[in-house]
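Peer 1: prediction below, plus the sequence it came from.
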2 protein chains.
Amino acid sequence: MHIDKRSIIPLYSQIKKNLELKILTGEWVPGFKIPTEKDLAKHFDVSMITVKRGVLELVSKGLLYRQRGRGTFVSKKVDKNIQQLVTLRNLEDEGKYYPHKQLKFEKIIAGEVISKALEIEPNDLVYAIHRLKLEDSNPVGIEYTYLPQELFTDITPAMFQDDLIYNTFTNKYGVTLRKARIYISTILASEYEADILEVSKADQLFVLERFTYSEDKRIVEYSKFIIRQDKANYFIEVTL
Amino acid sequence: MHIDKRSIIPLYSQIKKNLELKILTGEWVPGFKIPTEKDLAKHFDVSMITVKRGVLELVSKGLLYRQRGRGTFVSKKVDKNIQQLVTLRNLEDEGKYYPHKQLKFEKIIAGEVISKALEIEPNDLVYAIHRLKLEDSNPVGIEYTYLPQELFTDITPAMFQDDLIYNTFTNKYGVTLRKARIYISTILASEYEADILEVSKADQLFVLERFTYSEDKRIVEYSKFIIRQDKANYFIEVTL
């Protein structure tokens, strides 16, 4: 497919279709670094703005992703089970390494929102643990976790270093977990989120809000996960 | 909170905050019809464009919803279990009425996308059944369902009139269902979707893609549900 400058179809739309075809036909495989916008503009004999618009449409469709300073790549999407993703524990893979970068670790007063989520009093103390989840050194999600201080005394940042929250619960505090309820919604990336997740501002992101219940039906944890949508196809499975 | 015209905070943003406060404090309860944009403009002594922008921000946040010709209302969000939602069957509620408006019912050639989803040949025939799901006469989602003709001979539109797909499977065809895998993603409403779901173009919508497997591990159904996000808080539950 070539670009037809006399067509009524806008040029950026033709560029988009052209690049999309290369991906869908497999000419450009997942992980492939596509030519720079300058090179594409030269190749198609159109302006860089036109190329950029076409490319950005494919980024928002999740077919391409941009890495600052590195270039634009064909997305490598894998299937991920949300149920497993948010309830991960080291059952089979004891000692497996879960890379996280700690963004914040502090004891704070719960306040209106967090106290409501944890069903405690607004003046109660909670641990606020904010972490950036990494995969192959790439940021995939921000995890905001809140734990009632009353249940988890003497928590230290090291306990959450490169491990899963549920492992710490079970292994270090002997809490028996019963069920988790996970609310799914979406937001458009704020400047802060875009910055640390390395996406563009206003990109669509998943929000998973997890409420974890212990055996005695108490809410022992409230976490909010802000997740990139372009990294995986997220699914759930239900037995019928 | 009043509007400060000399503030550096944009007027629409002040309007938004003001209205938001009325909702969050409960002054305006779920289902409440808020004053018209004309009345609000008069009340705040600002332009209707400013009011509209503030209102639309709250619509996109899901706190308000607009019904064409009726006005703008405070959202009534209910909690909905996605697992139950997409695997509904008449187990306890035999004969319950599930209102749907049929948009399309035809036998077509599967083509590339549908044949891949159903794991059949591109030239195989499928039933394409498009329905609008209603709740309290309001549109809540579009359901695009595709069934391999080979498995479901002599399907008639009446079979899907105000009933659930899974009921038809079980009650009329004796198919034993095994599991469903549901992919969750989002899109911005197209003009067509916005029109029939009565939302604004480019509003965020959920996309649930369901693949249903029968006892013999065959894919017996592929459905794509386009769902309004402003009507409910969607969650899943996982036993730990």
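Peer 2: Now that the structure is in, tell me what you want to look at. Numbers count the residues shown, from 1 in each chain, chains lettered A, B, ... in the order given.
Peer 1: just the element for residue A:201, please.
Peer 2: Per DSSP states H and E: residue A:201 is located in neither a helix nor a strand.
Peer 1: tell me who's in contact with it.
Peer 2: Residue A:201 makes contacts with A:188, A:189, A:190, A:191, A:194, as judged by CB atoms under 8 Å, 6 or more residues apart in numbering or on different chains. Yep, even glycine has a C-beta here, placed from its N, CA and C like the rest.
Peer 1: now do residue A:183
Peer 2: Going by CB under 8 Å, 6+ apart, residue A:183 touches A:207, A:208, A:209, B:233, B:234, B:235.
Peer 1: the one helix or strand it maps to vs strand B:177-188, what angle?
Peer 2: Assessed by DSSP H and E, residue A:183 sits inside strand A:177-188. Interaxial angle of strand A:177-188 relative to strand B:177-188 (axes from the mean of the first three to the mean of the last three CA atoms, to 10 degrees): 30 degrees.
Peer 1: next, the buried residues of strand A:177-188.
Peer 2: A:177, A:180, A:181, A:182, A:183, A:184, A:185, A:186 (16 or more other CB atoms under 10 Å in any protein chain shown).
Peer 1: could the contacts of residue A:183 go into JSON lines alongside pLDDT?
Peer 2: Shown next, in JSON lines, are these (pLDDT from 0 to 100):
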{"residue": "A:207", "pLDDT": "92"}
{"residue": "A:208", "pLDDT": "93"}
{"residue": "A:209", "pLDDT": "94"}
{"residue": "B:233", "pLDDT": "87"}
{"residue": "B:234", "pLDDT": "91"}
{"residue": "B:235", "pLDDT": "91"}
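Peer 1: list buried residues within those residues.
Peer 2: Among the contacts of residue A:183, those classed as buried by 16+ other CB under 10 Å are A:208, A:209, B:234, B:235.
Peer 1: who's the nearest residue to the second one once chain neighbours are set aside bridged to?
Peer 2: Just to be clear, that refers to residue A:209. Leaving aside its sequence neighbours, residue A:209 sits nearest to residue A:183 (CB to CB, 6 or more residues apart in numbering or on different chains; 4.3 Å). On the basis of DSSP bridges, residue A:183 is bridged to residue A:209, residue B:235.
Peer 1: show me where chain A has its helices.
Peer 2: Using DSSP state H, the helices of chain A run over residues A:11-24, A:37-44, A:48-60, A:82-85, A:111-118, A:165-173, A:191-197.
Peer 1: can you name the residues that contact residue A:34?
Peer 2: Taking CB under 8 Å, 6+ apart as the criterion, residue A:34 is in contact with A:19, A:28, A:40, A:55, A:64, A:71, A:72, A:73, A:74.
Peer 1: narrow those residues to those that are buried.
Peer 2: Neighbour-count burial (16+ other CB under 10 Å) applied to the contacts of residue A:34 gives A:19, A:28, A:40, A:55, A:64, A:72, A:73, A:74.
Peer 1: okay, residue A:32 and residue B:150: tell me how far apart.
Peer 2: For residue A:32, the distance to residue B:150 (CB to CB, to the nearest Å) stands at 38 Å.
Peer 1: what about the residue nearest to residue A:78 when sequence neighbours are not counted, how many neighbours?
Peer 2: Excluding the flanking residues, the one nearest residue A:78 by CB to CB, 6+ apart is residue A:232, at 5.2 Å. Neighbour count for residue A:232, taken as other CB atoms under 10 Å in any protein chain shown: 21.
Peer 1: equivalent analysis for residue A:140, please.
Peer 2: Residue A:140: 18 surrounding residues under other CB under 10 Å.
Peer 1: residue contacts, it?
Peer 2: Here residue A:140 is in contact with A:133, A:134, A:197, A:227, A:228, A:231 (criterion: CB under 8 Å, 6+ apart).
Peer 1: roughly how far does it sit from chain B?
Peer 2: Distance of residue A:140 to chain B, given as CB to the nearest CB, to the nearest Å: 16 Å.
Peer 1: now do residue A:99
Peer 2: 23 Å.
Peer 1: what's the closest non-adjacent residue to that residue?
Peer 2: Computed as CB to CB, 6+ apart, the closest residue to residue A:99 that is not its neighbour in sequence is residue A:134, at 4.4 Å.
Peer 1: and residue A:32 and residue B:150? Which one has more around it.
Peer 2: residue A:32 (15 against 11).
Peer 1: so the more buried one touches residue A:73, yeah?
Peer 2: Yes: the pair residue A:32 / residue A:73 is scored as a contact, 6.5 Å apart, by CB atoms under 8 Å.
Peer 1: now do stretch A:150-168, average pLDDT.
Peer 2: Per-residue pLDDT over stretch A:150-168 has a mean of 80.
Peer 1: spit out the contact partners of residue A:37.
Peer 2: Counting by CB under 8 Å, 6+ apart, residue A:37 makes contact with A:48, A:51, A:52, A:55, A:72.
Peer 1: rerun at 6 Å
Peer 2: A:48, A:51, A:52 (CB atoms under 6 Å, 6 or more residues apart in numbering or on different chains).
Peer 1: so how many other residues sit close to the residue nearest to it when sequence neighbours are not counted?
Peer 2: Of all residues not flanking residue A:37 in the chain, residue A:51 sits nearest, at 4.7 Å (CB to CB, 6+ apart). By other CB under 10 Å, 25 other residues sit near residue A:51.
Peer 1: next: residue A:75.
Peer 2: For residue A:75, the neighbour count with other CB under 10 Å is 18.
Peer 1: one more: residue A:116?
Peer 2: Look at residue A:116: counted by other CB under 10 Å, it has 12 neighbours.
Peer 1: also the one 3 residues further on?
Peer 2: Summarising burial for residue A:119: neighbours were counted as other CB under 10 Å, giving 11.
Peer 1: residue A:126 versus the residue lying closest to it once chain neighbours are set aside, what's the distance?
Peer 2: Spatial nearest neighbour of residue A:119, excluding adjacent residues (CB to CB, 6+ apart): residue A:219 at 5.3 Å. Relative to residue A:126, residue A:219 is positioned 11 Å away (CB to CB).
Peer 1: who's more crowded, these two?
Peer 2: Neighbour count, other CB under 10 Å: between residue A:219 and residue A:126, residue A:126 has more, with 25 against 17.
Peer 1: cool, thanks, talk later.
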